[in-house]
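Undergrad: Predicted model and sequence below, questions to follow.
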Number of protein chains: 2
Amino acid sequence: MSKPRSRRGGGRPTIADVARKAGVGAITVSRALREPGRVSEDLRRQIQAAVDELGYVPDPNARALASARAEVFGVLVPSLTNNVFAEVVRGIYDSLSDSPFRIQLGHTHYSGLEEERLLQVFGPQRPAALIVAGIDQTPTSRRLLETAGCPVVQVMETGSDPVDMLVGFSHLDGGRAATEHMIEAGYRRIGFIGARMDPRSQRRLAGYRAAMETAGLFDPRLVTTTPVPSSVPLGRELFRDALAKMPTLEGVFCNNDDIALGVLFECHRAAIAVPKTIGITGFNDLDMMQSAFPSITSIRTPRYEIGRRAVAMALAAISGKRPEQRIVDLGFELKRRESTAR
Amino acid sequence: MSKPRSRRGGGRPTIADVARKAGVGAITVSRALREPGRVSEDLRRQIQAAVDELGYVPDPNARALASARAEVFGVLVPSLTNNVFAEVVRGIYDSLSDSPFRIQLGHTHYSGLEEERLLQVFGPQRPAALIVAGIDQTPTSRRLLETAGCPVVQVMETGSDPVDMLVGFSHLDGGRAATEHMIEAGYRRIGFIGARMDPRSQRRLAGYRAAMETAGLFDPRLVTTTPVPSSVPLGRELFRDALAKMPTLEGVFCNNDDIALGVLFECHRAAIAVPKTIGITGFNDLDMMQSAFPSITSIRTPRYEIGRRAVAMALAAISGKRPEQRIVDLGFELKRRESTAR
DNA sequence: CAACTTACTGGTAGCGCTACCATCCTCTTT
DNA sequence: AAAGAGGATGGTAGCGCTACCAGTAAGTTG
């Protein structure tokens, strides 16, 4: 006889149940939960009591449908097994853990097409914000981002033409700084070793090249790259290749720390003295760099901070007050260590 | 004059638009998309044409509300910066990339309370399945999992009493195998070095202890642990501590590869011969283990495969046919390398 | 050939919530 | 004291989709 409460819902309390128990309208419950300031102290308390007693939790799906906005941050990174992005993602999570926002993560596998596909999947969900790695989206992806109807933060790089907002640092400057440091340290025949060679690695290479050319030291035979995903074993291999190509090599700037570690291990194995015979510089400064023997010079990148900052900017934009700075350059820091102390 | 299509929706085509264009009922469109087999060839084609022309994409939020089931996998891991879980998560993503399921990831930060909180957040979304790391949930978490109303897969361990399904391997056996290997290799005063000491590390320690006791070699002073998160620098520190406590140490079984690498670096720095003076065994077998100099013995764990298998089991359960095997032990493999070749 | 399946297809009625607008109070202002 | 402003509250009408059930046409059975 009583109304057959929710055939599908499984009997969880709804906002109507709370409203009835608190003796108010459903919409007032909704408001009390979302904008407490707009409901009187009295009702707010009454409603809270009813919520607690019933164990009411709003249905995020219903909420998303009614408001045409899901409390979800879409996050797109190339890879999660790459420690670098894992840290950015960690910064994002940490910044969002006290908010109502959930996180939906996607891997592009360094593929523009995959990125497009994921954006197409994310879009219909109407996320509250999108955070994507890099600035080299395909035209389609860029259009999808522009028409997403939510704040967009591109991360990991700097540039002058973000879709919306941008937080990162200059990989080109990082590559240049690393190379200049090695030149100053007295190395001359400095090689570049790079795996994966995604756009960020390309820019590091460009920075390396700029520094080498400025010093009149550039030689294409010094450059060893591969599209293969980066790993420590690959670092060893590439270094062997580089050395075979150019036996008089004096040092290498590696596009990341995994490669650098591989180079170090190969030097150990081949009894090549580091930093005396070969100098090594990495990129990102994972914590193992400082512990290695010898410790490895690297470019410290603000990965965690990038994640935090991206969320802060997105959150500001969501609440209406767009940050005055749409482009934030968090910089990097050269960590001089034993591996380049000639 | 014409009906003011969707004040909130932003003008994206709806299922009604497709139905009108294809000259069929909305429900038939819905069916054609979800269960093509139940719609005649003719209509299916017509509907597909309308979908393509309008660029219709179903609204996942509306879908979730109407069906009381979101196409989302909830995934709970302790940490993402830990390479081990990153690989499990990668396996999950790879297995789900061709499915309609999205992934919602949560970090517990190795905290039971945080896990409870996340489960409370995930629940109301009505996920299609839940994948959680570990079997040591709090009673509250366990109840939340049991009442989630969807398949649940616990991963990373084995055990006899899963909430629903379980994929992993035995950390205890892994710890024992690593230790037995070192004993066989001729080491006697074998230490255990462990950071973080989450339940899985505890079980590895238990395995170490069992092997040592069986061989009559156990001594509590051989065990060095800390709740501090694991890292390479920490591995160095802990090894120094262990050595200070027990200068006659002959080898160490490390609770993971980061620690092992730290130990190796410290040995290099202190000019301690590996494997002659000190033997080293790690756990997980990250790819840098094989590249290290000397290469480091480790227990290879099927992390990626665990992720894939977990998804496969969840998918099977969703489609009604629960796998006959609710508990899957994927085992591990001892990788003998130079660091224990006395 | 009536009765009964077995495909298909569609209408109706929500899912649980919020946007929009109306209403009802205060409390100011002139 | 009338008019206006502003805050608090509620009713109504969906958001876009799918569960449920009904209905129709075609094939099957005795």
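TA: In hand now; what should we look at?

Undergrad: mind listing what residue A:104 touches?
TA: A:72-75, A:122, A:125, A:127, B:102-104 (Cβ atoms under 8 Å, 6 or more residues apart in numbering or on different chains). No exception for glycine: its C-beta is placed from N, CA and C like everyone else's.

Undergrad: so is it in a helix, a strand, or just coil?
TA: Per DSSP: H, G, I helix; E, B strand; the rest coil, the secondary structure class of residue A:104 is strand.

Undergrad: Let's see the pLDDT reported for it.
TA: With respect to pLDDT, residue A:104 scores 92.

Undergrad: where's it relative to residue A:270, distance?
TA: 46 Å (Cβ to Cβ, to the nearest Å).

Undergrad: Number of residues surrounding the residue of the stretch 201-342 of chain A found nearest DNA strand D?
TA: Nearest residue of the stretch 201-342 of chain A to DNA strand D, counting by Cβ to the nearest atom of the strand: residue A:320, 17.4 Å away. Residue A:320: 6 surrounding residues under other Cβ atoms under 10 Å in any protein chain shown.

Undergrad: Tell me the pLDDT of it.
TA: 80.

Undergrad: ok so, going back, specify which member of the contacts of residue A:104 is nearest to DNA strand D.
TA: Nearest member of the contacts of residue A:104 to DNA strand D, counting by Cβ to the nearest atom of the strand, is residue A:125, at 11.8 Å.

Undergrad: Run through the residues of the stretch 51-200 of chain A sitting next to chain B.
TA: Within the stretch 51-200 of chain A, the positions lying close to chain B (Cβ under 8 Å from any Cβ of the partner chain) are A:57-62, A:64-65, A:67-68, A:70, A:79-81, A:83, A:86-87, A:89-90, A:93, A:97, A:102-105, A:107, A:120-121, A:123-126, A:149.

Undergrad: Could you list the domains of chain A?
TA: A:15-58, A:70-169+A:303-331, A:171-300 (automatic domain parsing).

Undergrad: what sits against the residue of the stretch 201-342 of chain A closest to DNA strand D?
TA: Applying Cβ under 8 Å, 6+ apart, no residues contact residue A:320.

Undergrad: Please report how far it lies from residue A:80.
TA: 32 Å.

Undergrad: Kindly report the same for residue A:250.
TA: 36 Å.

Undergrad: what about the residue positioned nearest the centre of chain A, helix or strand, and which?
TA: Compute the mean C-alpha point of chain A, and by Cα atoms, centre = their mean the closest residue is residue A:88, 3.9 Å away. Assessed by DSSP states H and E, residue A:88 sits inside helix A:83-96.

Undergrad: Kindly report the same for residue A:53.
TA: Using DSSP H and E, residue A:53 falls in helix A:41-54.

Undergrad: quick check, that helix touching DNA strand D?
TA: Yes. Counting by Cβ under 7 Å from any atom of the strand, DNA strand D is contacted by helix A:41-54 at A:42-43.

Undergrad: Contacts for that helix, please.
TA: A:13, A:17-18, A:21-24, A:28-29, A:32-33, A:36, A:39, A:56.

Undergrad: Ends of stretch A:328-342, what's the gap?
TA: 35 Å (Cα to Cα, to the nearest Å).

Undergrad: In that stretch, which residues are buried?
TA: Buried residues in stretch A:328-342, counted by 16 or more other Cβ atoms under 10 Å in any protein chain shown: A:328-330, A:332, A:334-335, A:337-340.

Undergrad: rewinding a little: restrict the residues of the stretch 51-200 of chain A next to chain B to contacts with DNA strand C.
TA: The subset of these lying close to DNA strand C, counting by Cβ under 7 Å from any atom of the strand, consists of A:58-59, A:62, A:65, A:67.

Undergrad: circling back: okay, the angle between the helix holding residue A:88 and helix B:83-96?
TA: For helix A:83-96 against helix B:83-96, the angle between stretch directions is 90 degrees (axes from the mean of the first three to the mean of the last three Cα atoms, to 10 degrees).

Undergrad: So what's the gap between helix A:83-96 and the chain middle?
TA: Its chain's C-alpha centre and that of helix A:83-96 lie 7 Å apart, by Cα atoms, centre = their mean, to the nearest Å.

Undergrad: which strands and helices sit next to it?
TA: Contacts defined by 3 or more Cβ pairs under 8 Å, 6 or more residues apart in numbering or on different chains; DSSP states H and E place helix A:83-96 against strand A:72-77, strand A:102-107, strand A:129-133, helix A:303-318.

Undergrad: same thing but at 6 Å, please
TA: Counting contacts by 3 or more Cβ pairs under 6 Å, 6 or more residues apart in numbering or on different chains; DSSP states H and E, helix A:83-96 packs against helix A:303-318.

Undergrad: Neighbouring strands - and their directions - for the helix or strand just after the helix it packs on?
TA: Remark: after helix A:303-318, the chain's next helix or strand is strand A:327-329, criterion DSSP H and E. The strands beside strand A:327-329 in its sheet (DSSP bridges) come out as strand A:165-168 (parallel).

Undergrad: For stretch A:115-133, buried residues please.
TA: So stretch A:115-133, judged by 16+ other Cβ under 10 Å, has buried residues A:115-116, A:118-119, A:121-133.

Undergrad: Stretch A:55-74 too?
TA: A:56, A:58-65, A:68-74.

Undergrad: Does that stretch reach DNA strand D?
TA: Yes. Applying Cβ under 7 Å from any atom of the strand, one finds stretch A:55-74 touching DNA strand D at A:62, A:65-66, A:68.

Undergrad: Any idea how many residues pack against residue A:273?
TA: For residue A:273, using other Cβ under 10 Å, the count is 10.

Undergrad: gap between it and residue A:296?
TA: 14 Å.

Undergrad: same thing with residue A:240?
TA: 18 Å.

Undergrad: Which of the two has more residues huddled nearby?
TA: Each of residue A:240 and residue A:296 has its neighbours counted (other Cβ under 10 Å); residue A:296 has more, 29 against 16.

Undergrad: which residues does that one contact?
TA: A:260, A:280, A:282, A:289, A:337, A:339 (Cβ atoms under 6 Å, 6 or more residues apart in numbering or on different chains).

Undergrad: Closest to chain B out of these?
TA: Nearest to chain B out of the contacts of residue A:296 is residue A:289 (Cβ to the nearest Cβ; 8.7 Å).

Undergrad: Many thanks, have a good one.
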